[in-house]
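**Q** Sharing a model prediction with you, sequence too.
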Amino acid sequence: MGYRYIRRPLLSRLLLRPSISRSSLNLPLNKIPHRKLQITIPRYSDKVINNATPINPSKGGPIQDFDLLQDLPRPPMAIDSVLEDGFLLSDGTVFECKHSTLGLVIVDGQVFEWDFAQYCTGLDTGLVDISKDGVKMLSLLFPRPELLLVGLGGKSRILSEKTRAVLMGMGYTIEVTDTQNGANNFELLATERPRQVMAMLLPPGI
């Protein structure tokens with residue numbers, strides 16, 4: 001008994017077969033009518049500029065609505081201004097650094113003098129190292145603030161990895177800046193989290 005071979009169309013030909021043939025339309029394909037679709041989208045910047053409300057400096061304006069901290073009280077102790085060799089505190093007193101030999105520590109609304117001179121090295125090189133004895137008083141704080149702002153004087157300096165390791169070993173998160181920025185950041189962050197932020201600032205004149 002013989003077998004008869006029946007030729008079947010290839011699957012690829014079936015899948016690729018067009019649903020509309022050229023002959024069924026009776027038109028050349030390049031002559032099929034079509035219309036170009038045009039969409040115009042206004043620029044977001046134009047919308048913002050056209051709807052913007054001018055701000056009157058004398059009466060304030062909408063930008064003040066975005067100050068999330070304006071209704072919060074100031075921290076119990078803050079720094080109003082950084083002086084040449086000291087700090088003007090929010091209670092009106094002046095903290096004198098005594099010829100740049102004393103630093104300032106603010107924690108939980110209290111102000112302390114910090115005699116750092118014998119514990120601090122590297123101010124002239126820019127890589128500052130503070131010995132463990134110079135910061136051991138921070139290990140006695142309870143409850144302990146989460147964030148420690150360190151201001152390293154009037155210049156931009158780096159805190160050594162050794163000192164960072166000591167402070168982080170006590171459980172502090174550290175932010176290092178110059179003293180001016182450290183004072184500014186303290187008021188902003190302490191307004192939001194009064195008991196969770198402390199500052200340790202070297203004299204601004206060094």
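**A** Looks like it arrived, so ask away.
**Q** which helix is the longest one in this protein?
**A** Ranked by residue count, the top helix of the chain under DSSP state H comes out as helix 179-192.
**Q** which residues sit against that helix?
**A** For helix 179-192, the external contacting residues (CB atoms under 8 Å, 6 or more residues apart in numbering) are 69, 72-75, 78-79, 82, 87, 106, 147, 149-154, 175, 177, 197, 199, 201-204. Placement of C-beta: from N, CA and C, glycine included.
**Q** got the buried residues for that helix?
**A** Neighbour-count burial for helix 179-192 flags Thr179, Gln180, Gly182, Ala183, Asn185, Phe186, Glu187, Leu189, Ala190, Thr191 (criterion: 16 or more other CB atoms under 10 Å).
**Q** So the fifth one versus Asp133, what's the distance?
**A** When you say that, I think you mean Asn185. Asn185 sits 27 Å away from Asp133, going by CB to CB, to the nearest Å.
**Q** Show the contacting residues for Pro204.
**A** Contacts for Pro204 were tallied using CB under 8 Å, 6+ apart; they are Val82, Leu83, Glu84, Asp85, Gly86, Phe87, Cys97, Gly151, Gly153, Gly154, Thr179, Gln180.
**Q** Please, where are all the helices along the chain?
**A** Counting by DSSP H, the helices of the chain are 11-16, 22-25, 44-51, 132-135, 161-169, 179-192.
**Q** Out of these, which gets the lowest mean score?
**A** Out of the helices of the chain, helix 11-16 stands lowest, with a mean of 43 (criterion: mean pLDDT).
**Q** got any ranges where this structure has weak pLDDT?
**A** Across the chain, the ranges flagged by pLDDT under 70 are 1-72.
**Q** quick one: the strands in it?
**A** With strands called from DSSP state E, the chain shows them at 79-83, 86-89, 94-96, 103-107, 110-114, 120-121, 127-130, 147-151, 158-159, 173-177, 197-201.
**Q** Please identify the most buried of these.
**A** Scoring the strands of the chain by mean neighbour count under mean count of other CB atoms under 10 Å gives strand 197-201 as the most buried, with a mean of 26.
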